[in-house]
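Student: Structural data only, the sequence is not supplied:
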């Protein structure tokens, strides 16, 4: 008997679940394109390598990264190994929460039956493969839906606030895009580090941003964060597309601006363009201008899990959709009216 079957046999049903020839339902896209390319299909369940686990998916998070991988834009990501002419992995989705049903021979941190969350390969499906070093145990008292939206977004926020922004107690922190997936975590994390936080969002989301702990709010439909006398020690800019000059105008003379993504810059480099320009400009000015790209790792997932368990951070869910309505969920994301994250339930 192989190692996968031996470990699967640890509980009464897992051996059957991961048996040879098994199939599953999944949201697949065979080509790059708009949300219409997403479709529900029955496909073979994936196998696992030595350092991977197979997760029975209970919920999966939907974020802007899934949209980029669906459309194939910016084109730079295709050159980075995601598939040049078509998606390398046809199953959509990354953020995942579920139950382990099989583990690879080299896996030591998880066993069959463990409830986990993190990042996997193709999480919009009944089963998904994930590397051991991209998962953590699901916090006690946290639902699978909440855990599913605490992967990439929470890690990005943590790395932007703690690592790139170096936020500390007493600082004034401005978070642009405060009501979205990353922003909703960034507010709570900056507050946990003792900062005075101002959140920027639209009129209909001011109440959400306040409820997440922001000390002040700015309605970007009415006011410009760069106008007025207030200056900030740290700005976390989450896909606002603000020019570097506007960010610098709102910073203190030695402040830090952290750029997280962006939806402009052209089809070739997209939001990365602004990050690259910031890294060049920062060498010639007194302010720190930098960017952050999420580093998926279990150590930071464990930090997030601890903060959720302690009640310091609470995942914010805008809306939940069943698996067969993933296309509708994507269209809701594209509408730009999110209050937190969208979750797919399986």
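Tutor: Great, that's in hand. Because the structure is a prediction, the values reported are computed rather than measured.

Student: which residues of the stretch 151-300 of the chain fall in strands?
Tutor: Using DSSP state E, counting those that start in this stretch, the strands of the stretch 151-300 of the chain run over residues 172-176, 196-201, 216-219, 232-238, 251-260, 288-291.

Student: so what secondary structure elements neighbour the fourth one?
Tutor: Just to be clear, that refers to strand 232-238. In terms of contacts (3 or more C-beta pairs under 8 Å, 6 or more residues apart in numbering; DSSP states H and E), strand 232-238 is packed against strand 172-176, helix 181-192, helix 244-250, strand 251-260. Just so you know, the C-beta spots here come from the backbone N, C-alpha and C atoms, and that holds for glycine as well.

Student: in its sheet, what does it sit against?
Tutor: strand 172-176 (parallel), strand 251-260 (parallel) (DSSP bridges).

Student: ok, now the third one?
Tutor: Strands flanking strand 216-219 in the sheet, each with its direction: strand 196-201 (parallel) (DSSP bridges).

Student: ok, and the closest non-adjacent residue to residue 184?
Tutor: What sits nearest to residue 184 in space, not counting adjacent residues and going by C-beta to C-beta, 6 or more residues apart in numbering, is residue 316, at 4.3 Å.

Student: isn't the one you found right up against residue 212?
Tutor: Yes: here residue 316 reaches residue 212: they are 6.9 Å apart, a contact under C-beta atoms under 8 Å.

Student: ok, and the closest non-adjacent residue to residue 331?
Tutor: The shortest distance from residue 331 to any non-neighbouring residue, by C-beta to C-beta, 6+ apart, is to residue 35 (5.4 Å).

Student: In TSV, list the strands of the stretch 151-300 of the chain along with distance to residue 188, mean neighbour count and mean pLDDT.
Tutor: What follows is the strands of the stretch 151-300 of the chain, written out as TSV (distance: least, C-beta to C-beta, whole Å; neighbours: other C-beta atoms under 10 Å; pLDDT from 0 to 100):
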stretch	distance to residue 188	mean neighbour count	mean pLDDT
strand 172-176	10	28	98
strand 196-201	9	26	97
strand 216-219	15	18	96
strand 232-238	12	27	97
strand 251-260	15	21	96
strand 288-291	21	20	94
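
Student: a markdown table for those strands, including distance to residue 71?
Tutor: Below are the strands of the stretch 151-300 of the chain laid out as a markdown table (distance: least, C-beta to C-beta, whole Å):
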| stretch | distance to residue 71 |
| --- | --- |
| strand 172-176 | 23 |
| strand 196-201 | 25 |
| strand 216-219 | 30 |
| strand 232-238 | 19 |
| strand 251-260 | 19 |
| strand 288-291 | 21 |
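
Student: Select, out of those, the one closest to residue 131.
Tutor: Closest to residue 131 of the strands of the stretch 151-300 of the chain is strand 251-260 (C-beta to C-beta; 23.6 Å).

Student: Determine the angle, from 0 to 180 degrees, between the closest one and helix 181-192.
Tutor: 140 degrees (axes from the mean of the first three to the mean of the last three C-alpha atoms, to 10 degrees).
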